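J.: Mind looking at a prediction? Sequence and model below.
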Amino acid sequence: MQPCCLAAYDLACRRGDRLLFKGVGFELAGGEALHLAGPNGIGKSSLMRILAGLLRPYAGHVEHDGTLALADERPALDPHRPLGEALAFWRAIDRAGEARADFGLEDLLDVPVRFLSTGQRKRAALARLAASGARIWLLDEPLNGLDAHWGASTQAAIEAHRALGGIAVIASHQPLQLQKLRTLSLLEHLP
Ligand SMILES: Nc1ncnc2c1ncn2[C@@H]1O[C@H](COP(=O)(O)OP(=O)(O)OP(=O)(O)O)[C@@H](O)[C@H]1O
């Protein structure tokens, strides 16, 4: 895997007429992981969208070297297609190789995405991200809806991605069992 990096400098975020946070900065190199922490509504998902380039920061800027992929509560899979086709749609666009991570979807490939359970849909979204070949994974509440087995498997997939030199930024209310995990609490960046 090519070297990658992700850095945020003095970020501030405003939504509507409210400033959510300010002065957020970090630098991540290949193999590193950052846990975004903070209570409901503080701006973790907003920060994720800024990092992904989907939301303009009120102040500051983001720099990255390496492709980014975001998995949030929207699975970005066509709800009307069978899961196999919905994943193939992205594979054709991403032109990445086979995903190394196994999210146990083999028996669900003919099920329309809209019929998947919460945890199955989450696993499908994670499989899409893992198959994208992106070097920088932005994971917004990746463990939501997953049972203990798939929660552990997802964290193992994150560790495998890091071992290959990838970066992971993870917003999560749930404890994470990841090696050398750095933490950024948005509570320390209130305006
Ligand atoms: N499009 C929008 N316009 C205005 N306000 C918004 C918009 N999207 C989100 N917000 C507000 O921004 C704040 C931060 O939302 P965000 O989803 O980033 O928080 P969060 O830390 O991820 O929360 P949670 O832990 O509940 O997922 C919330 O008060 C939310 O209502």
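T.: Here it is on my side, so go on. Not measured: the values here are computed from a predicted model.

J.: Can you list the low-confidence ranges for the chain?
T.: 1, 97-100 (pLDDT under 70).

J.: so which strand or helix has the residue most central in space within it?
T.: Residue closest to the mean C-alpha point of the chain, counted by Cα atoms, centre = their mean, is residue 139 at 1.8 Å. Element membership for residue 139 (DSSP states H and E) is strand 136-140.

J.: Report all helices and strands that that strand contacts.
T.: In terms of contacts (3 or more Cβ pairs under 8 Å, 6 or more residues apart in numbering; DSSP states H and E), strand 136-140 is packed against helix 44-51, strand 68-71, helix 118-131, helix 148-163, strand 167-171. To be clear about C-beta, it is placed using only N, CA and C from the backbone, and glycine gets the same treatment.

J.: and the protein, which residues reach the ligand?
T.: The chain comes close to the ligand at residues 15-16, 20, 38, 40-46, as judged by Cβ under 6 Å from any ligand atom.

J.: As JSON lines, the residues you listed with neighbour count would be great.
T.: JSON lines is the format used below for those (neighbours: other Cβ atoms under 10 Å):
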{"residue": "15", "neighbour count": "12"}
{"residue": "16", "neighbour count": "6"}
{"residue": "20", "neighbour count": "22"}
{"residue": "38", "neighbour count": "20"}
{"residue": "40", "neighbour count": "6"}
{"residue": "41", "neighbour count": "11"}
{"residue": "42", "neighbour count": "19"}
{"residue": "43", "neighbour count": "25"}
{"residue": "44", "neighbour count": "25"}
{"residue": "45", "neighbour count": "17"}
{"residue": "46", "neighbour count": "21"}
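
J.: now for the residues you listed, which pair is the farthest apart?
T.: Comparing every pair within those by Cβ to Cβ identifies 16 and 38 as the most remote, at 18.3 Å.

J.: any idea which of the helices and strands packed on strand 136-140 is most buried?
T.: strand 167-171 (a mean of 25; mean count of other Cβ atoms under 10 Å).

J.: what's the angle from it to helix 44-51?
T.: 150 degrees (axes from the mean of the first three to the mean of the last three Cα atoms, to 10 degrees).

J.: Could you give the separation of strand 167-171 from the chain centroid?
T.: 6 Å (Cα atoms, centre = their mean, to the nearest Å).

J.: just to revisit the earlier point, any chance of the helices and strands packed on strand 136-140 in TSV with distance to residue 187 as columns?
T.: Listed next are the helices and strands packed on strand 136-140 as TSV, based on distance: least, Cβ to Cβ, whole Å:
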stretch	distance to residue 187
helix 44-51	11
strand 68-71	23
helix 118-131	26
helix 148-163	24
strand 167-171	14
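
J.: for those, which one sits closest to residue 32?
T.: Residue 32 lies closest, by Cβ to Cβ, to one member of the helices and strands packed on strand 136-140: strand 167-171, at 5.9 Å.

J.: Which residues outside that closest one are in contact with it?
T.: 4-6, 28-37, 44-45, 47-48, 51, 66, 135-142, 158, 161-162, 176, 178 (Cβ atoms under 8 Å, 6 or more residues apart in numbering).
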